[in-house]
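S.K.: Quick one, fold the following:
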Amino acid sequence: RMPVYNDNRLFLFSPEHRRMICDGFQSLLDERCLSVDVVAGTSTAGIPHGIVLADRLSLPFIYIRDKPKGYGLQNQIEGIDAESDLEERIVVVIEDLISTGGSSARAVCAVRDANGRVNHCLSIFNWF
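M.R.: Down below sits the predicted model:
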C-alpha cells in the first residue's frame, strides 16, 4: 500500500490543473521525441486526462479496462470495434497514479494483444 493516498480525481474540477497535467504529458512526449499514434487512458481516472491529451495532439483515443467486461461485447479496450485491432499503431498509456505497476502492465498487455505497440506509460504521480 502507498504511504499517502493521492486523490488525483480532484484535478478534474479545475481547468487550470487539467491543462497543467496535459502540458506535462505533452512535454514528456516532446522532450523524448516520442512518436504516438493513439492515446489510451486507463479506467477510470486515466480516461479524462488521456482525452485531454488526445484532443491536444489531435489523436485517436481509446480506454482500457483492468479486465474485460463480463457482459455485452466483453471488451477490455473501448474505442475500437471488436473486429478491429490497433494495427501496429504506437500507443501511449495514460494513468493517473502508478503504485505497483500492475494495472499499467495489464493495460500494456491488452494493447499488445490488440496488435498495438506500446513502450511508454505516463502518470501524474508514481511511487517508483
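
S.K.: can you give me the helices for the protein?
M.R.: Along the chain, the segments classed as helices by DSSP state H run 15-31, 46-57, 102-113.

S.K.: which stretch among the ones you listed comes nearest Arg9?
M.R.: helix 46-57 (8.7 Å; C-beta to C-beta). Every C-beta, even on glycine, is put in place using the N, C-alpha and C of the backbone.

S.K.: Can you tell me what sits against that closest one?
M.R.: Contacts to helix 46-57, defined as C-beta atoms under 8 Å, 6 or more residues apart in numbering, come from residues 11-12, 18-19, 21-22, 25-26, 29, 36, 38-42, 59-61, 63, 93-96, 124.

S.K.: How many residues are close by the residue nearest to Gly41 when sequence neighbours are not counted?
M.R.: Counting by C-beta to C-beta, 6 or more residues apart in numbering, Gly50 is the residue found nearest to Gly41 once chain neighbours are left out, at 2.7 Å. Neighbours of Gly50 under the rule other C-beta atoms under 10 Å: 28.

S.K.: swap in Gly24?
M.R.: Residues near Gly24, counting by other C-beta under 10 Å, number 14.

S.K.: again with the one 3 residues further on
M.R.: Ser27: 10 surrounding residues under other C-beta under 10 Å.

S.K.: ok, it to Leu53 distance?
M.R.: Taking C-beta to C-beta, to the nearest Å as the measure, Ser27 falls 11 Å from Leu53.

S.K.: Equivalent analysis for Gly24, please.
M.R.: In this view, Gly24 and Leu53 are 10 Å apart by C-beta to C-beta.

S.K.: before we move on, what about Leu12?
M.R.: Between Leu12 and Leu53 the computed distance is 14 Å (C-beta to C-beta).

S.K.: Who has more neighbours out of these two?
M.R.: Between Leu12 and Leu53, counting by other C-beta under 10 Å, Leu53 is the more crowded of the two (25 against 15).
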